[in-house]
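1. sequence and predicted structure are below.
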Amino acid sequence: MARVERHTQGFEGVIVRDLLADSILSEESAPAESTVTLISAYTNAHGILLIAGELLAARERGVTLRAVVDRDGLTREGLNALCRFFDEVTVIAFNGLIFHPKQFVVLQGDIEAPDRAIALEGSANLTGAGLSLNIEEVVITRYSRETEQDTIELEALVESVRRKSDPDAEVHGRPMGLASPDEPRNAVWFIKEGELVNEVNRDYVSEELQSEARKRGTRRRTRTGGDDSRRLSGRAPGRRTLPLPAGVSVSDFRSADEADDDGAEQNRQEVTVEAAQAVLEEVDAEINTSEVDEDRLDATVISLIGECEVTRISQNHAAEEVVGADLVGVYKSLSPRDAQLTQGEGAGTNAEISWPAVGRCLSGDIGAGSANARRVRVRAYDVLTGDIVETIQGGIYRRVRPGSIEDRITLNREVWRGGHLRQGDIVVFIPVRPMAETTPLSQSLDLGADDPDLLMVLIPASHPLHTRFPITQNGRGQGTLRTR
């Protein structure tokens, strides 16, 4: 009998990404001349890039990599990433019917008559959230030919994998059919075969796909309570999607082929703008309609920060360094004073976060004192809890003292009362509406006068993204985010 083990992501401290890497893609599981087939209903570049190292290592040792994915759950960057990493890519496109299996299989030996096989099957898709975040149930089954029953079960698995990309296989009594631009109603699109990309099919399918940041899921969280409409109920503490490794970017797969330096820079700028737009759309949706696509929100926050070069700057040089056409935003590590509800004289109805004169990119050249404050509307998003807190009448002002110049940002006290400002956490401010000729990003978003000025992202010390931000040994630090 086949050997079975069961896992639930989110309950056991395990993530599907690691199970997939160890059970399907490792050299022990997939030695040379094996065939790995990843079948998924939803696929994006984030999910593929989480296992990119294992995919490259498998190809180098002679493993054939196949992908069979649903068109409606695929992103444009996801398709391009599949074509880069896999030997064979098949897209299944039904009209009015969902191709919904999630099946990751390695066949050891001849693909038609393997000696052994391992299958990881369950609810997890080939996405960042599916491989690292959502509550997913997966079963790992190991097959052999030790007994007659074992052989029957192994051959049934082989057939299960084969027919999902076979144009002649019948679904509800009708063949799926070989698709092409001339036969677009058929279901099976061969995008890459024998390491050769069918550019006609790829381009045709790609035209129907959305970019990673633009794609919005159908499952959205609805606000469950709270007296303050701007203070929305959160989700389970600790929820997080794994970010990509440093230096790996979804924008690298925005084009079908590898881009030159100028093209790569344009791709990064476009992805940065789209990610910022997507974050604002989800925040706005939760405030106005009480619904949010959390997977998209998490993924686009990760993408937005991942597209940037993060650099720590000294307090003495902050005012001079926070400039430039490539500037996206600024960050700082929260001090004990920042995490307190009230600080300084005249805090009034709002509390404040202090900065070492880095508000220049946020507010332009402002005069000293709270009377000269620049009025701003801030939307704060807590990556840890999912809470969103809006400050409608915030402000940025400059405090000048002998030997120091300090910028201060006043915020809605609910940011503190909700426990969203924690010592050692990272806070990122991104200008999302033009203020005093700020950043190209803010100017590219084309927002109206009633849209927020600032997006504030709170990243807890426990979140993997936190390590992207350089800080000193005592936990202090501030700096810039720029397009790479």
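-> Arrived safely. All values reported here derive from a predicted model rather than from experimental measurement.
2. distance between stretch 57-70 and the chain's centre?
-> With Cα atoms, centre = their mean, to the nearest Å as the basis, stretch 57-70 stands 23 Å off its chain's centre.
3. now do the buried residues in that stretch.
-> 58-59, 63-70 (16 or more other Cβ atoms under 10 Å). Placement of C-beta: from N, CA and C, glycine included.
4. same check, this time on stretch 30-40
-> Buried residues in stretch 30-40 (16+ other Cβ under 10 Å): 30-31, 34-40.
5. could you dump those into TSV with distance to residue 19 added?
-> Listed next are the buried residues of stretch 30-40 as TSV, based on distance: Cβ to Cβ, whole Å:
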residue	distance to residue 19
30	14
31	19
34	17
35	19
36	14
37	16
38	13
39	16
40	15
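6. which two among those are spaced furthest apart?
-> 31 and 40 (23.6 Å; Cβ to Cβ).
7. and which of the buried residues of stretch 30-40 is nearest residue 425?
-> The closest of those, once distances to residue 425 are taken by Cβ to Cβ, is residue 40, at 34.0 Å.
8. wait, the closest one touches residue 73, no?
-> Yes. The pair residue 40 / residue 73 is scored as a contact, 7.3 Å apart, by Cβ atoms under 8 Å.
9. need the overlap of contacts for those two.
-> residue 125 (Cβ atoms under 8 Å, 6 or more residues apart in numbering).
10. picking up where we left off before, show me the buried residues of stretch 57-70 that map onto strands.
-> 64-70 (DSSP state E).
11. how about those in CSV, adding distance to residue 263 and pLDDT?
-> Formatted as CSV, these follow (distance: Cβ to Cβ, whole Å; pLDDT from 0 to 100):
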residue, distance to residue 263, pLDDT
64, 30, 96
65, 26, 97
66, 29, 98
67, 25, 98
68, 30, 98
69, 26, 98
70, 29, 96
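12. could you export those residues to JSON lines, including columns for distance to residue 45?
-> Output for these, formatted as JSON lines (distance: Cβ to Cβ, whole Å):
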{"residue": "64", "distance to residue 45": "21"}
{"residue": "65", "distance to residue 45": "16"}
{"residue": "66", "distance to residue 45": "18"}
{"residue": "67", "distance to residue 45": "12"}
{"residue": "68", "distance to residue 45": "17"}
{"residue": "69", "distance to residue 45": "12"}
{"residue": "70", "distance to residue 45": "16"}
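13. my guess is residue 86 meets residue 58, correct?
-> No. Counting by Cβ under 8 Å, residue 58 is not a contact partner of residue 86; they are 10.2 Å apart.
14. what touches both of the two?
-> By Cβ under 8 Å, 6+ apart, the residues touching both residue 86 and residue 58 are residue 65.
15. surely residue 187 and residue 172 touch.
-> No. With contact defined as Cβ under 8 Å, residue 187 and residue 172 do not form a contacting pair (11.4 Å).
16. of the two, which one has the most company?
-> residue 187 (23 against 5; other Cβ atoms under 10 Å).
17. one step back: tell me the two of the ones in strands among the buried residues of stretch 57-70 that are most distant?
-> 64 and 70 (21.4 Å).
18. who are the packing partners of the helix or strand containing residue 304?
-> Under the criterion of DSSP states H and E, residue 304 resides in helix 294-306. Helix 294-306 is packed against helix 45-50, helix 128-132, helix 261-289, with contacts defined by 3 or more Cβ pairs under 8 Å, 6 or more residues apart in numbering; DSSP states H and E.
19. counting by contacts, list what the second one packs against.
-> Secondary structure elements in contact with helix 128-132, counted by 3+ Cβ pairs under 8 Å, 6+ apart, are helix 16-20, helix 45-50, helix 294-306.
20. continuing past the longest one, what's the next helix or strand?
-> Scanning forward in sequence from helix 294-306 by DSSP H and E, the next helix or strand is strand 308-312.
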